[in-house]
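**Student:** Sequence below, structure please.
(one chain, ligands or ions: 1)
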Amino acid sequence: MGFTIQNVLIPTEQGYETVDVQIEGDRITAVAPGLEVNGTAIDGRNKLLLPGFVNAHTHSSEMWQRGIIPPRPLELWIAELYDFTPLEPEQIYLSALGTAVETLLSGGTTVVDHLVLIPGQEEETIAAAVRAYREVGIRAFIGPLIQDESITSGVPSGGADVEHEPYLRSTQATLDLMQNTVETFHRPDEGINIMLAPTGIQLCSDALFQGCVELSDRHTLCRHAHLLETKAQKLLAQEKYGCSAVEHLKQLGFLGRRTSLAHCVWLDDADIEILAETRSTVVHNPLSNLRLGSGIAPMLKYRQAGVNIAFGCDGAASNDSQDLLEAIKIGSILHNITDLDYRQWITPRQAVEIAALGGATGLNQAEQVGTLDVGKKADVVLYDLTSLSLLPRTDPIGLLVLGRPVQAVHSVWVNGQQIVANGAVATVDMEQLKQGLFDHSQWQVNRQSPMMAQMEAHYRSVMQLPQ
Ligand SMILES: [Zn+2]
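**Tutor:** Take a look at the predicted model:
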């Protein structure tokens, strides 16, 4: 049994048209005006239907530290983040629920969670996130965040002789953990996908990258990593490899059409060519890049070079929210200051396509989701065009992308299942979620990070900042 959304506005090539959309099981089965009602009738009048967006890069458990880390660059920000990382699987569960809810209520139907693991409780961490995403019903790509070098290795040495502690888990133990995770949790038909997601060149050995390539190819899984988020990482790549990080990842076989790379701020033209040639996807996280002072990713260059791009919120400790529409807005208009040729600027319609189809493409899902075409899976979002923030009536997509939509999401379906109805998430007890987040946290100011104190002098010297 299915349902039919009647008299709903959808975008066409040039404008909009009013149609009926039939959904049966998990698929869109017909899109045309005046269709017969199949199953339940849903009133689509004065509403806009769009394909669901992809929150293509986040770290759900950072929700526990949103709003608290002072203005710092990534290398010092992350030191503080790790000093106060949540240590209970119950927290992982709650912040995954919270991330899913905020993603859904800002137009997302898929979330990519680059999941920070609790040391010693890695399997429990993954199980807690999987439980949350299954309960909510959002489509989830979970990439347990793995590394095999300790956090201080992420800062270039600048020629100094710096000793690093060995990482708490061996490369092989990490790869074994991932093999188990794939076997236990990877269930694409049920909306749970495991990805191979080394954190990035700054904290991972070649052996770890190669192990991830091998495992992801064996099981046809997506690959994900951070790439050249900061200037320090660009320096580090030169120190570590004697060539660019992108060139090195290409040699390791990590790039490709199942690979998405978060940030990509510090790439040069030759690097961009490699991403285009390997069909890799760039995930743009504009708010995080601004918050951490990482730089402005050259998104217009990527588009001109034919590189697929997507939008992400990044973790809530560097954003400090999970509002996908906000990331899409900033991620579109930010580039108007980097390129004088306004004909290259990202239009609201292009932004929607990047957020939906671009996101799907980066997850090897373009055949399945990302548009409203008949035959695709019904991952769709209905926006209420009578919401105050979408009035008065001008261009619905223009209002949605360039405005500040508040409570604009009316309904969301993932895989044909309704998850949001009348602006509320139907699968989550919101009062219980809020109580859980409240009970596991406390108001606090001026906390001191020992790791930050340990790393700051070296960072300032390498980056040529006054001590
Ligand atoms: Zn990240």
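**Student:** Could you list everything the closest residue to A355 other than its chain neighbours pairs with in the sheet?
**Tutor:** Of all residues not flanking A355 in the chain, F53 sits nearest, at 4.0 Å (Cβ to Cβ, 6 or more residues apart in numbering). (C-beta placed from N, C-alpha, C; glycine too.) Listed by DSSP bridges, the beta-bridge partners for F53 are G108.
**Student:** tell me, how many neighbours does I194 end up with?
**Tutor:** Per other Cβ atoms under 10 Å, the neighbour tally for I194 reads 26.
**Student:** In contact with it, which residues?
**Tutor:** F141, I142, G143, P144, M178, T181, V182, F185, H186, L221 (Cβ atoms under 8 Å, 6 or more residues apart in numbering).
**Student:** Specify the beta-bridge partners of the fourth one.
**Tutor:** Pointing back at P144 there. L115.
**Student:** domains for this structure, by residue range?
**Tutor:** Here the domain assignment for the chain is 1-45+371-397, 52-362, based on automatic domain parsing.
**Student:** what mean pLDDT does stretch 220-228 have?
**Tutor:** The average pLDDT within stretch 220-228 is 98.
**Student:** Start and end of that stretch, how far apart?
**Tutor:** Stretch 220-228 has an end-to-end distance of 25 Å (criterion: Cα to Cα, to the nearest Å).
**Student:** correct me, but L402 touches K329?
**Tutor:** Yes - between L402 and K329 there is a contact at 6.4 Å, judged by Cβ atoms under 8 Å.
**Student:** out of those two, which sits in the more crowded spot?
**Tutor:** Between L402 and K329, counted using other Cβ under 10 Å, the more crowded position is K329 (22 against 16).
**Student:** Which neighbouring elements make contact with the strand or helix carrying that one?
**Tutor:** Assigned by DSSP states H and E, K329 falls within helix 324-333. In terms of contacts (3 or more Cβ pairs under 8 Å, 6 or more residues apart in numbering; DSSP states H and E), helix 324-333 is packed against strand 53-58, helix 286-291, strand 308-311, helix 348-353, helix 396-402.
**Student:** correct me, but A237 touches T230?
**Tutor:** No - applying Cβ under 8 Å as the test, A237 and T230 come out as separate, 11.0 Å apart.
**Student:** thinking again about what came up before, looking at the domains of the chain, which one is packed in the most?
**Tutor:** domain 52-362 (a mean of 21; mean count of other Cβ atoms under 10 Å).
**Student:** distance between that one and the chain's centre?
**Tutor:** 7 Å (Cα atoms, centre = their mean, to the nearest Å).
**Student:** got the end-to-end distance for it?
**Tutor:** Chord length of domain 52-362, first to last residue, is 14 Å (Cα to Cα).
**Student:** cool, and stretch 159-179?
**Tutor:** Start-to-end, stretch 159-179 (Cα to Cα) is 37 Å.
**Student:** burial count for E431?
**Tutor:** E431 has 8 neighbours, counted by other Cβ under 10 Å.
**Student:** when you give positions from now on, start the count at 55
**Tutor:** New numbering, starting at 55: the last item is E485.
**Student:** Check it and give its pLDDT.
**Tutor:** pLDDT at E485 comes out at 98.
**Student:** just so I have it, where are all the strands in the stretch 405-521 of the chain?
**Tutor:** Using DSSP state E, counting those that start in this stretch, the strands found in the stretch 405-521 of the chain span residues 434-438, 463-468, 471-475, 478-479.
**Student:** mind checking which of the ones you listed is nearest D377?
**Tutor:** strand 463-468 (11.1 Å; Cβ to Cβ).
**Student:** ok, of the contacts of I248, which one's closest to T94?
**Tutor:** Scanning the contacts of I248 for proximity to T94, where the rule is Cβ to Cβ, the winner is F195, at 29.8 Å.
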